[in-house]
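Colleague: Okay, predicted coordinates and the sequence, questions at the end:
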Amino acid sequence: MTTKRLSTLIGALLTLAVLVVVVAGIPRTGDSPGSATSPAQTSAAASAGVSASPKPSGGPAAARPTGTGVANPSRLPEVKASELPAEARQVLVLIARGGPYPYSRDNITFGNFERVLPQKPSGYYREFTVPTPGESDRGARRIIAGDAGEKYYTADHYSSFSFIAEGK
């Protein structure tokens, strides 16, 4: 084998090895929301103030607050997590688990261009779709999560927000 061919083969193998490492680090999105919950996910859910129990096969499960949640860092009105629509409570469970999320636009950066939420550096907030029964698209409802664990609910596509008081 020539030196040139050997160098090309080694380069291809290194590229393949890097690709395998990168792909192995990407979270899987094909896991079902009802899959088993790990102790780490359960701990993360408890600190988020919601139940991380998998949803039973008999139908959607409502998230049950389990902790005290995060203090309201804004002047926005509060809504108890238990008072949110069932679909929003389910999204809180998915956020606590770290996914998988049903929409490709979930867990992306929320820019806060409306400046309704407290001002934070770019990339601080992430957005998640709250399904609206009867809507053929994503609808207007969202949960916005901050890096410090605070979460906000909007039913009108960012025109107004309420701080989600988890654990209540």
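Modeller: It's in.

Colleague: After the lowest-mean-pLDDT helix or strand in the chain, which helix or strand is next? Please name it.
Modeller: Least confident helix or strand, the chain: helix 39-48 with a mean of 38, by mean pLDDT, DSSP states H and E. With elements assigned by DSSP states H and E, the helix or strand that comes after helix 39-48 is strand 78-80.

Colleague: which is the next helix or strand following that next one?
Modeller: Criterion used, DSSP H and E; the element after strand 78-80 is helix 86-97.

Colleague: For that following helix, list every residue counted as buried.
Modeller: By 16 or more other Cβ atoms under 10 Å, the buried positions in helix 86-97 come out as 87, 88, 89, 90, 91, 92, 93, 94, 95, 96, 97. C-beta coordinates here come from the backbone N, C-alpha and C atoms, glycine included.

Colleague: Give me the below-cutoff pLDDT ranges for this protein.
Modeller: For the chain, the stretches flagged by pLDDT under 70 are 1, 5-68, 168.

Colleague: 90 instead, please
Modeller: Flagging of the chain using pLDDT under 90 yields the residue ranges 1-75, 134-139, 167-168.

Colleague: how many other residues sit next to residue 118?
Modeller: 17 (other Cβ atoms under 10 Å).

Colleague: Report the contact partners of the closest residue to residue 130 other than its chain neighbours.
Modeller: Nearest non-adjacent residue to residue 130, counting by Cβ to Cβ, 6 or more residues apart in numbering: residue 141, 3.7 Å away. By Cβ atoms under 8 Å, 6 or more residues apart in numbering, the contact set of residue 141 is 85, 87, 88, 129, 130, 131, 132, 153, 154, 155, 157.
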